[in-house]
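In: Dropping the sequence and predicted coords here.
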Amino acid sequence: MIKTKLLITILLMSVLATSNAFAAKKVHRWKLAETWPTNFPIFGDATKNMAKMVKEMSDGRLIIQIHSRNKHKAPLGVLDMVKAGQYQMGHTAAYYYKGKDINTMFFTTMPFGMVASEQYAWFYHGGGMELMEKVFDKHRILAFPGGNTGNQMGGWFRKEINSLDDLKGLKMRIPGFAGEVLAQVGAKPTNIPAGELYTALERNTIDALEWVGPSLDLRMGFHKIAPYYYTGWHEPGAELQFMVNKRAYEKLPKDLQVILKTAMRVAAYDMYTQSTHESGKNLASISKDYPNVKIKTFPNDVMTALRAANQRLLADFASKDALTKEIIKSQRTYLEQVRPWTNISDQAYLNSAK
């Protein structure tokens, strides 16, 4: 009798152990919608790197399939698709959705704002992540930094900008808050998906455009049409976002949640370093192979007008919404704290190393 009970106990323990092992090996299959075309470099590399790390670290328990804009056909619809649960994840830029929720735009970049190192410090140590959680919670989404391009160029222009008057009526592809700033000084901003930019420029639908910088611009061929390449002001540290459906995330085992968050953070930083590398390499190529490209800086009167317009708009936005005011104050306060260090470390070194 005792032997029989012992045997039953051993069998039950074996079944339980097998059951637990089976549960531990349960495979979670997710889909990620990205704004970018298939195999788009750097941006698309970030999603691939993240998914690869997740698969390896989870021993195949979390598999993330990536759908580019070629598959889902909605490059600027990623937020809505993730919110609805059509996709468990997305990779996009939050400022594309300011028309739906103005507070989303602050987490990509802001004109005359933080550079990449300052922005990452704000996200992870200065309260930025907590504010981003507040904004995206009503969309049932968790948002995470998804890769930084570094300081972006001010754009490609068909004609040289010699004064503020040259911006009057100028049709320019420029997304986010920067478009509103340009509108304040007389330009006509528009937002066009990446895959349509060259055609829009070629067909005179637009007079100018900004995309990223040498890391990605050279392959797009903009220099063949618009030879004036201006330094930046509007996106000093453009951060993409990984968006995660909150309900899907909460259904994951705790260890897979940690794996996912870790992979997103590593992939984001890897994208920043890759973007820096490619920008340096492609800038050298522009100088050598395309001598017709003229790298310019906007005139003083243009920069003064843009700064003033930026401040007016921020003050107006802050007066209309408490959360907007909180985010603007947080970013401004943090920049006032961290910029002196940037000035006496990076800036002072760069000035002395000329």
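Out: Cool, got the structure.
In: so for the helix or strand encompassing residue 324, what's the average pLDDT?
Out: Residue 324 belongs to helix 322-342 when assigned by DSSP states H and E. The average pLDDT within helix 322-342 is 98.
In: Over to stretch 297-317?
Out: 97.
In: Ok, stretch 89-102 next?
Out: Per-region confidence: stretch 89-102 scores 95 on mean pLDDT.
In: again, but for stretch 165-185
Out: 94.
In: Just checking the distance from it to the centre of its chain.
Out: Counting by Cα atoms, centre = their mean, to the nearest Å, stretch 165-185 is centred 21 Å from the centre of its parent chain.
In: Remind me what the helix or strand just after the helix holding residue 324 packs against, helices and strands.
Out: The helix or strand immediately downstream of helix 322-342 is helix 348-352, counting by DSSP H and E. Contact partners of helix 348-352 among helices and strands, from 3 or more Cβ pairs under 8 Å, 6 or more residues apart in numbering; DSSP states H and E: none. From N, CA and C alone the C-beta is placed, and that goes for glycine too.
In: what about helix 348-352, distance to the chain center?
Out: For helix 348-352 - counting by Cα atoms, centre = their mean - the centre lies 29 Å from the chain centre.
In: Now it: buried residues?
Out: Of all the residues in helix 348-352, not one is buried under the rule 16 or more other Cβ atoms under 10 Å.
In: can you check stretch 277-286 too?
Out: Those would be 278, 279, 282, 283, 286, for stretch 277-286 by 16+ other Cβ under 10 Å.
In: Kindly indicate whether the first one is helix, strand or coil.
Out: What that stands for is residue 278. Per DSSP: H, G, I helix; E, B strand; the rest coil, the local secondary structure of residue 278 is helix.
In: which ones are touching it?
Out: By Cβ atoms under 8 Å, 6 or more residues apart in numbering, the contact list for residue 278 reads 41, 42, 214, 215, 216.
In: Just the buried residues from those, in ChimeraX please.
Out: Selection of buried members from the contacts of residue 278 for ChimeraX, criterion 16+ other Cβ under 10 Å:
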select :42,214,215,216
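In: and which of the contacts of residue 278 is nearest to residue 114?
Out: Of all the contacts of residue 278, residue 215 has the smallest distance to residue 114: 19.3 Å, by Cβ to Cβ.
In: Count the neighbours of the spatially closest residue to residue 72 that is not a sequence neighbour for me.
Out: Nearest residue to residue 72, sequence neighbours excluded (Cβ to Cβ, 6 or more residues apart in numbering): residue 33, at 5.1 Å. The local packing of residue 33 (other Cβ atoms under 10 Å) involves 27 other residues.
In: neighbouring contacts of the helix or strand hosting residue 33?
Out: In the assignment (DSSP H and E), residue 33 maps to strand 28-34. Applying Cβ under 8 Å, 6+ apart, the external contacts of strand 28-34 come out as 40, 43-44, 47, 51, 61-69, 72, 74, 78, 81-82, 86-92, 248, 252, 256.
In: now, the most widely separated pair of the contacts of residue 278?
Out: 41 and 214 (12.4 Å).
In: Which stretches in the stretch 101-250 of the chain count as strands?
Out: 141-148, 155-157, 171-173, 188-190, 208-209, 228-230, 239-245 (DSSP state E, counting those that start in this stretch).
In: buried set for stretch 97-109?
Out: For stretch 97-109, by 16+ other Cβ under 10 Å, it's 97, 98, 102, 103, 104, 105, 106, 107, 108, 109.
In: Among those residues, which one sits closest to residue 272?
Out: For the buried residues of stretch 97-109, the nearest to residue 272 is residue 109 (12.8 Å; Cβ to Cβ).
In: burial count for residue 49?
Out: Other residues lying near residue 49 total 19 when counted by other Cβ under 10 Å.
In: I meant to write residue 347 there.
Out: 14.
In: okay, how far is it across stretch 104-113, tip to tip?
Out: Using Cα to Cα, to the nearest Å, the end-to-end distance of stretch 104-113 comes to 16 Å.
In: now do stretch 58-67
Out: This stretch, stretch 58-67, spans 21 Å end to end (Cα to Cα).
In: Show the residue spans covered by the helices in the chain.
Out: 2-24, 43-57, 69-72, 78-83, 116-125, 128-137, 177-184, 197-202, 214-220, 246-251, 254-289, 300-318, 322-342, 348-352 (DSSP state H).
In: Looking at these, which is nearest to residue 233?
Out: Taking the helices of the chain one by one with Cβ to Cβ, helix 300-318 is closest: 6.2 Å.
In: by how many degrees do that closest one and helix 322-342 diverge?
Out: 140 degrees (axes from the mean of the first three to the mean of the last three Cα atoms, to 10 degrees).
In: gap between helix 300-318 and the chain center?
Out: Using Cα atoms, centre = their mean, the offset of helix 300-318 from its chain centre is 23 Å.
In: ok, now stretch 119-126?
Out: How far stretch 119-126 lies from its chain's middle: 15 Å, per Cα atoms, centre = their mean.
In: do stretch 296-305 as well
Out: 26 Å.
In: check contacts around the residue nearest to residue 294 when sequence neighbours are not counted.
Out: Here the nearest residue to residue 294 in space, its sequence neighbours aside, is residue 228; by Cβ to Cβ, 6+ apart that works out to 5.5 Å. Listed by Cβ under 8 Å, 6+ apart, the contact partners of residue 228 are 156, 157, 158, 159, 160, 161, 294, 296.
In: sorry, back to before: same list, the helices of the chain, but as CSV with distance to residue 170 please.
Out: Putting the helices of the chain into CSV (distance: least, Cβ to Cβ, whole Å) gives the following:
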stretch, distance to residue 170
helix 2-24, 59
helix 43-57, 27
helix 69-72, 27
helix 78-83, 29
helix 116-125, 28
helix 128-137, 31
helix 177-184, 8
helix 197-202, 13
helix 214-220, 19
helix 246-251, 41
helix 254-289, 23
helix 300-318, 11
helix 322-342, 27
helix 348-352, 31
